[in-house]
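[1] just the structure for this:
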Amino acid sequence: MGYRGSKSEIKSPQPNQISVKEQRVDGSCFGLLKPKLRFTLMGFERSYQVRVLSKQLNKLFFSTVSYIPQSSQLNPFFVTGFCDAECTFTLKITKSLSSKIGYKLQPCFAIELHKRDFNLLKQIKSFYDVGIISVNNKKNTVTYNVTTLDHLLTIIIPHFTNYPLLTEKSIDFSLWCKIIYIIKSGEHLTEEGFNKIISIKAVLNWGLSDKLIKDFPHIAPMKRPAKTKIITIEPSWIAGFASGESSFTSSQYTRNGKLNIKSIFQLSQLDRDTELLKLISNILGTGYLYPDKGSMMRLMVQSYKDCFNFIIPFFDKYTILGNKGKYYIIWKELVTLLNNNAQNTPDGIKEILRLKNLLNK
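    Residues are numbered from 1 along each chain as shown. Below is the predicted model:
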């Protein structure tokens with residue numbers, strides 16, 4: 001996941017939003033359609049420059065710097081997986097006196113993250129090489145937006161066509177593409193074309209606003225298409241998805257006067273993506289599905305032996321990135337201690353609880 005630097009113009013006092021312009025470093029772009037990938041494998045702990053990683057992270061854990069391997073290029077399947085977890089495909093419709101149809105249409109591809117994941121978001125921007133990043137200091141968020149029609153048509157849509165989304169978001173993407181193609185053809189400037197867009201937007205994401213429903217009461221929503229059946233999942237897609245959607249945690253309980261520690265890995269999705277979670281569980285080789293609050297479904301692994309034997313080998317090969325990567329490093333050390341029965345000694349329990357507290361902050 002190769003790195004390209006960025007330049008920010010930050011004034012004092014800091015504004016609520018900061019525009020970030022990317023500067024390409026020669027030789028760092030591998031293309032979208034036929035990317036060449038580079039990976040750095042960390043190997044065993046004995047080869048680490050820092051033996052106890054979490055003790056270094058104890059000081060750095062709450063910085064705004066994400067965990068990014070230094071010599072790596074973003075895998076396109078990783079990007080899609082992360083977008084399945086974090087991106088949105090939207091269409092903003094606002095009234096405009098200068099428009100022939102009386103409305104301005106603005107399609108947008110966006111990813112909004114906490115500022116802790118600024119570095120990861122910059123890498124995603126560098127991967128696509130289009131769009132802008134803005135910082136909202138009040139919300140402590142960073143947002144990557146692509147709104148230029150040509151960039152959406154030539155960069156964003158081809159990427160997700162070649163490296164498809166797997167969650168229910170894939171349907172929103174297909175609907176969003178229909179809108180963009182109508183805009184590209186100029187059909188949106190006709191009453192019929194504009195009405196088509198309203199009909200599509202009615203089933204896109206959260207549907208029409210109350211204002212648009214009032215303005216266009218006669219337009220019926222189109223039928224939302226069914227999702228294509230998933231045949232296979234690329235491991236790098238899982239790494240990207242987990243970098244956005246997973247949690248690495250720990251809990252404790254007392255039984256017969258003895259303190260017990262659990263290590264927990266979980267992924268949550270709406271129950272309409274239950275089949276996807278089942279496929280992920282099959283690829284990981286472990287995990288159980290549990291209904292959660294509302295219409296949510298959770299894939300969970302709570303056995304430290306399963307975490308050690310299945311989850312850690314998978315994510316050591318297909319890396320968790322961003323701020324979630326820091327949690328993974330701490331969690332991995334905790335699981336390793338449990339697997340080595342460190343919980344049976346006072347010093348071991350002390351270290352496990354230290355790591356647990358880092359995870360739960």
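
[2] alpha carbons only for contacts and neighbour counts from here, please
    OK.

[3] the strands in the stretch 51-200 of the chain, which residues?
    Assigned by DSSP state E, counting those that start in this stretch, the stretch 51-200 of the chain shows strands spanning 87-95, 103-114, 132-136, 141-146.

[4] tell me the angle the first one makes with strand 141-146.
    Read that as strand 87-95. With axes from the mean of the first three to the mean of the last three CA atoms, to 10 degrees defining the directions, strand 87-95 sits at 70 degrees from strand 141-146.

[5] break this protein into its domains for me.
    Following automatic domain parsing, one gets these domains for the chain: 6-40+64-215, 236-359.

[6] just the mean pLDDT for the shortest one, thanks.
    This means domain 236-359. The predicted model assigns domain 236-359 a mean pLDDT of 94.

[7] before we move on, what about the first one?
    Per-residue pLDDT over domain 6-40+64-215 has a mean of 82.

[8] for this protein, which segments count as helices?
    53-60, 76-86, 118-128, 149-151, 157-162, 169-185, 191-201, 210-215, 235-245, 274-284, 304-306, 312-317, 323-339, 346-359 (DSSP state H).

[9] turn those into TSV, including mean neighbour count.
    Formatted as TSV, these follow (neighbours: other CA atoms under 10 Å):
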stretch	mean neighbour count
helix 53-60	14
helix 76-86	24
helix 118-128	22
helix 149-151	14
helix 157-162	16
helix 169-185	19
helix 191-201	19
helix 210-215	11
helix 235-245	24
helix 274-284	18
helix 304-306	20
helix 312-317	17
helix 323-339	23
helix 346-359	17
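
[10] want to throw these into a markdown table with distance to residue 102?
    Below are the helices of the chain laid out as a markdown table (distance: least, CA to CA, whole Å):
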| stretch | distance to residue 102 |
| --- | --- |
| helix 53-60 | 52 |
| helix 76-86 | 32 |
| helix 118-128 | 33 |
| helix 149-151 | 19 |
| helix 157-162 | 27 |
| helix 169-185 | 15 |
| helix 191-201 | 10 |
| helix 210-215 | 12 |
| helix 235-245 | 39 |
| helix 274-284 | 42 |
| helix 304-306 | 59 |
| helix 312-317 | 51 |
| helix 323-339 | 44 |
| helix 346-359 | 52 |
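
[11] quick one: closest of those to residue 223.
    helix 191-201 (8.5 Å; CA to CA).
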